[in-house]
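Participant: sharing a model prediction with you, sequence too.
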Amino acid sequence: MGRRLRDLLLPAFVGRDLGIVLGARLAMSAARAIAGVVTALYLARLGFSALELGLLFVGVSLASAVLSSLIGLTSDRLGRKPFLVAIPLAAALAAAGFAEWRAPAALFVLAAAGTFGRGAGAGGGSVGPYQPAESALVAELVDGRHRSAAFGRLSVTGSLGALAGGLLAALARPAPGHLAPAAVTAAFRPAFLAAAALAAVAGLLALALAEPARPAGAPPAGSGRGRLAWPRRSWPALWRLWITNATNGLAIGAFGPFLSYWLARRYGATPASVGVLFAVVNLGTLVSGFLSAAVAARLGTVRAIVAVRVVSGALLVPMVLSPTFWVAGGVYLVRMVVQRIGLPLRQSYTQDLAHPEERASLAALSQLPAQLTMSGGQVLAGYLFDEVSLAAPFELAAGVQLVNAAAYWALFGRPGAGAAREGPPAGDVAAGLVSSAADDPARP
């Protein structure tokens, strides 16, 4: 039984370096989950309005867009490791700053540096703007047969980290009622210091990485040659991803960063109760990462991604209309189980569409429109929260996600859509996911 469980979590294709990536993802996801729960609640207790929160999140999104684009473009030339070390350490410094400072200007700068406020503590354990480099490294560490399974393990590890981070968010214990700013900072300080420590662990773990050899014809890592190169061979995939990710970013911006804020205003939730809810959600969605390849094998990769987006968008409506905190949490749990099935499929599909020399560039640039539209969605959501209703941003997001699902099917639904020139043919993408499900001995 113990061996079977070990093979399920760490099958033979998980070598030393992928194990380090998984360990760093665990720590960084926990750190970002803490920040995802407490950042909006902390700023609201300091007196930020919903519109001001939206403006701060815009700054975070723009900073993340710039960073992720630069990381994607340069890591294909300089290597992945420097960014898996530096960005977590920057996030650690930002979290430590949040624990001590409360001047609005300082908080804006620190939030942008740490990319705090992008997603919630149940957001799947994202790691921030170095994710393009992480995704490209994972794609290079395993062969195509096991790629979706590897991204599934990455998703599960992120969920485990986010589960722990959700529970650690309970370290923030503000007293009810009005508090002086110094008392608010003191109440939230332990949670931010925990986030800082975990982010530092992620960066230090990445120091032990040994990157695989560069693709044939690519400059060696660290050479600096061709530092900023446009992914021209992946252009057929890139322009399609721009369209679909732009609409998805608008939907995410309308509710993602505000989820803990909405739970506090709608149901009077505390950081501890929100953290427990997000921990339960992350625990309940652990199985999703293991199911991704099997779902793709049954439905086809694109059909699975489209189905996930339809269901995810539709479930926002009953969630926002729920009469109690735990009913809303139950609907949110179902939504996240579905959403997490699609996460590794999208990552793996994007990597398979990319030319091997342009993996990080495509991963980063494909998200650029999403980060820009997310900014607009955050400002609009802040206005809607303040001036219209607490439900309006979620209803908007639901409609936009349904439009996004239709666009994804229209652009990627036919065989070969988005295939990179001189790269792996897109027709092999679904086949690779199918064989990954069939050949992986850890697949249930």
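Facilitator: Ah, there it is.

Participant: in this structure, which helix or strand is least confident?
Facilitator: Of the helices and strands making up the chain, the lowest-confidence element is helix 427-439, at a mean of 32, by mean pLDDT, DSSP states H and E.

Participant: show me what contacts Ala172?
Facilitator: Residues in contact with Ala172 (C-beta atoms under 8 Å, 6 or more residues apart in numbering) are 37-38, 41-42, 187-188, 190-191, 271-272. (C-beta placed from N, C-alpha, C; glycine too.)

Participant: same deal with Gln401?
Facilitator: Taking C-beta under 8 Å, 6+ apart, we find Gln401 in contact with 247-248, 251, 309-310, 312-313, 316.

Participant: ok, and the closest non-adjacent residue to it?
Facilitator: Nearest residue to Gln401, sequence neighbours excluded (C-beta to C-beta, 6 or more residues apart in numbering): Gly313, at 3.0 Å.

Participant: which SSE is the one you found in?
Facilitator: Gly313 belongs to helix 301-320 when assigned by DSSP states H and E.

Participant: quick check: mean pLDDT across that helix?
Facilitator: What helix 301-320 shows for mean pLDDT is 93.

Participant: please apply the same query to stretch 54-70.
Facilitator: When pLDDT is averaged along stretch 54-70, the result is 85.

Participant: which residues in the stretch 201-350 of the chain form strands?
Facilitator: Here the stretch 201-350 of the chain has no strands by DSSP state E, counting those that start in this stretch.

Participant: could you list the low-pLDDT ranges of it?
Facilitator: Scanning the stretch 201-350 of the chain for pLDDT under 70 picks out the ranges 213-229, 289.

Participant: ok, 90 please
Facilitator: For the stretch 201-350 of the chain, the stretches flagged by pLDDT under 90 are 210-240, 248-249, 252-258, 260, 271-272, 275, 278-302, 336-337, 339-350.

Participant: hey, where'd the helices end up in it?
Facilitator: 235-255, 259-267, 271-284, 286-299, 301-320, 325-353 (DSSP state H, counting those that start in this stretch).

Participant: which of those sits closest to Ile71?
Facilitator: Nearest to Ile71 among the helices of the stretch 201-350 of the chain is helix 325-353; the distance by C-beta to C-beta comes to 15.3 Å.

Participant: and the helix or strand that the closest one is followed by with helix 235-255, angle?
Facilitator: Following helix 325-353 in sequence order, the next helix or strand is helix 359-366 (DSSP H and E). Computed with axes from the mean of the first three to the mean of the last three C-alpha atoms, to 10 degrees, the direction of helix 359-366 lies at 50 degrees from that of helix 235-255.

Participant: quick one: mean pLDDT for helix 359-366?
Facilitator: Helix 359-366 comes out at a mean pLDDT of 76.

Participant: against which helices or strands is the next helix or strand after it packed?
Facilitator: Later in the chain than helix 359-366, the nearest helix or strand by DSSP H and E is helix 368-387. Under the contact criterion of 3 or more C-beta pairs under 8 Å, 6 or more residues apart in numbering; DSSP states H and E, helix 368-387 touches helix 50-78, helix 235-255, helix 259-267, helix 392-412.

Participant: among those helices, which is nearest Ala360?
Facilitator: helix 50-78 (4.5 Å).

Participant: now render the helices and strands packed on helix 368-387 as a markdown table, adding distance to Ala113.
Facilitator: As requested, those are arranged in a markdown table below (distance: least, C-beta to C-beta, whole Å):
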| stretch | distance to Ala113 |
| --- | --- |
| helix 50-78 | 7 |
| helix 235-255 | 20 |
| helix 259-267 | 21 |
| helix 392-412 | 26 |
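
Participant: out of those helices, nearest to Glu211?
Facilitator: Among the helices and strands packed on helix 368-387, the nearest to Glu211 by C-beta to C-beta is helix 50-78 (10.0 Å).

Participant: in the closest one, which residues are buried?
Facilitator: 50-61, 63-65, 67-78 (16 or more other C-beta atoms under 10 Å).

Participant: and stretch 360-373, how far apart are its ends?
Facilitator: Start-to-end span of stretch 360-373 (C-alpha to C-alpha, to the nearest Å) is 21 Å.

Participant: now do stretch 97-116
Facilitator: 12 Å.

Participant: same deal with stretch 266-275?
Facilitator: End residues of stretch 266-275 are separated by 16 Å (C-alpha to C-alpha).

Participant: kindly report the same for stretch 34-54.
Facilitator: OK, stretch 34-54 end separation, C-alpha to C-alpha: 19 Å.

Participant: show me which positions of stretch 81-94 end up buried.
Facilitator: Across stretch 81-94, burial judged by 16+ other C-beta under 10 Å covers 81-85, 87-92, 94.

Participant: from the contacts of Gln401, which single one is nearest Val403?
Facilitator: Checking those against Val403 with C-beta to C-beta, the nearest one is Thr247 at 5.8 Å.

Participant: picking up where we left off before, possible to save the contacts of Ala172 as a markdown table with secondary structure, neighbour count and distance to Pro174?
Facilitator: Converted to a markdown table, those look like this (DSSP: H, G, I helix; E, B strand; the rest coil; neighbours: other C-beta atoms under 10 Å; distance: C-beta to C-beta, whole Å):
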| residue | secondary structure | neighbour count | distance to Pro174 |
| --- | --- | --- | --- |
| Val37 | helix | 34 | 13 |
| Val38 | helix | 31 | 10 |
| Leu41 | helix | 24 | 8 |
| Tyr42 | helix | 26 | 8 |
| Ala187 | helix | 19 | 4 |
| Phe188 | helix | 26 | 7 |
| Pro190 | helix | 16 | 11 |
| Ala191 | helix | 28 | 10 |
| Pro271 | helix | 25 | 7 |
| Ala272 | helix | 16 | 10 |
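
Participant: redo those as TSV? Include distance to Phe325.
Facilitator: Below are those laid out as TSV (distance: C-beta to C-beta, whole Å):
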residue	distance to Phe325
Val37	14
Val38	17
Leu41	14
Tyr42	20
Ala187	21
Phe188	21
Pro190	24
Ala191	20
Pro271	13
Ala272	12
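
Participant: mind listing the helices for the stretch 1-150 of the chain?
Facilitator: For the stretch 1-150 of the chain, the helices defined by DSSP H, counting those that start in this stretch cover 2-9, 16-45, 50-78, 81-98, 104-114, 131-141, 147-168.

Participant: between those helices, which gets nearest to Arg233?
Facilitator: Between Arg233 and those, the shortest separation by C-beta to C-beta is 11.6 Å, and it involves helix 50-78.

Participant: Ser292 versus Leu299, what's the distance?
Facilitator: With distances taken as C-beta to C-beta, to the nearest Å, Leu299 is found 11 Å from Ser292.

Participant: actually Thr285, sorry about that
Facilitator: 11 Å.

Participant: between those two, which is the more surrounded one?
Facilitator: It is Ser292, of Thr285 and Ser292, that has more neighbours when counted by other C-beta atoms under 10 Å, with 30 against 27.
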